[in-house]
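# From the sequence below, what's the structure:
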Amino acid sequence: MNLNLTGKRALVTGASLGLGEATSKLLAAEGATVVIHGRDKERTERVAREIREVGGSATTVLGDLADDDSAAEVARAALDGGPVDILVNNAGFYRHLSWTEATPDEWRNTYNVNVVSGVRMIQHLVPAMRERGWGRVITIGGGLASQPMNTHPQYNATLAARHNLAVSLARDLKGTGVTSNIVSPGAILVEATKELVTHIGPERGWGDTWEEIRPNAVEALIPNDQERFGEPDEIAAAVAYLCSDYAQYVSGATIRVDGGLIRSAF
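Residues are numbered from 1 along each chain as shown. Sure, this is the predicted structure:
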């Protein structure tokens, strides 16, 4: 399937690792020029270099999207090479905290990084998409938006806000040729996930090696119909589809890529 992204420019935030890296590489493979955003220069430039080494087109931009001035500079730098047709709001973070550990300051900081940072990029880049009559905004959400855990409540709540703002944006973009959608991953096997599960596995009786821990962790933490963790490329594929002309009639939608972890039919 040709996604027809040749000639499009995409900014992927938080693209130096994990889901952002996988998404950037797939969009580039489908013909898009990708602007790789990150905060660590070495990691960010590595992703862009690996894309160029296989014939893709990629540039980099560094900055902290949690700061107004820095986010504005990221947007300006991204636009230096031409218009941004696709915005993938992927950047975010969380810490494993209980309700008693998650202080009000932690809530404020998590909301700023995970929600307001995306709003900043939308406000900088989407008006020009409206004017051109074509654009894609994809927000990376998560199943915890609708099925929250008892832990890291500050993170669960920001995922719900990300889903909500993406749908609100879709309604505002009515008739413009610009769409806004959510890709909602389940538990994806990025390096941080593997490190966490490997660390807590032995104390929870899941085993001592990764081969022993993995199936037990899936059963205990993320029981799903596929009985496994997801892979970053599976999230990237959903993003790429939503960027394409095949998804022109998809807006305000949540595409769950979670192996059936979320049990709701809607």
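# Assumed T59 was part of a helix.
No - assigned with DSSP: H, G, I helix; E, B strand; the rest coil, T59 falls outside any helix and is strand.
# quick one: contacts for it?
Taking C-beta atoms under 8 Å, 6 or more residues apart in numbering as the contact definition, T59 lies against 33-36, 48, 81. For glycine as for every other residue, the C-beta is placed from the backbone atoms N, C-alpha and C.
# Now do the strands in the stretch 101-250 of the chain.
Ranges of strands within the stretch 101-250 of the chain are 135-140, 178-185, based on DSSP state E, counting those that start in this stretch.
# what's the closest of these to L169?
Distances from L169 to each of the strands of the stretch 101-250 of the chain were compared using C-beta to C-beta; the shortest belongs to strand 178-185, at 4.1 Å.
# Note down every partner strand of that closest one and its orientation.
strand 135-140 (parallel), strand 254-257 (parallel) (DSSP bridges).
# Can I get the shortest one as CSV, trimmed to CA atoms?
In this case it means strand 254-257. Presented in CSV, the C-alpha positions along strand 254-257 are these (Å, rounded to 0.1, in the frame of the first residue of the first chain):
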residue,chain,number,x,y,z
THR,A,254,-9.0,6.8,18.6
ILE,A,255,-7.1,3.9,17.0
ARG,A,256,-6.3,1.4,19.7
VAL,A,257,-3.2,-0.6,19.2
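# all numbers from here: first residue = 729
That works, and once the first residue is 729, the last one we named lands at strand 982-985.
# what does that strand rub up against?
Residues from elsewhere that reach strand 982-985, judged by C-beta under 8 Å, 6+ apart: 869, 871, 891, 909-914, 958, 962-963, 966, 969-970, 990.
# How about stretch 943-957?
Counting by C-beta under 8 Å, 6+ apart, stretch 943-957 makes contact with 914-917, 921, 925, 929, 932-935, 942, 986-989, all of which sit outside it.
# In helices, which of these appear?
Among the contacts of stretch 943-957, DSSP state H puts 921, 925, 942 in helices.
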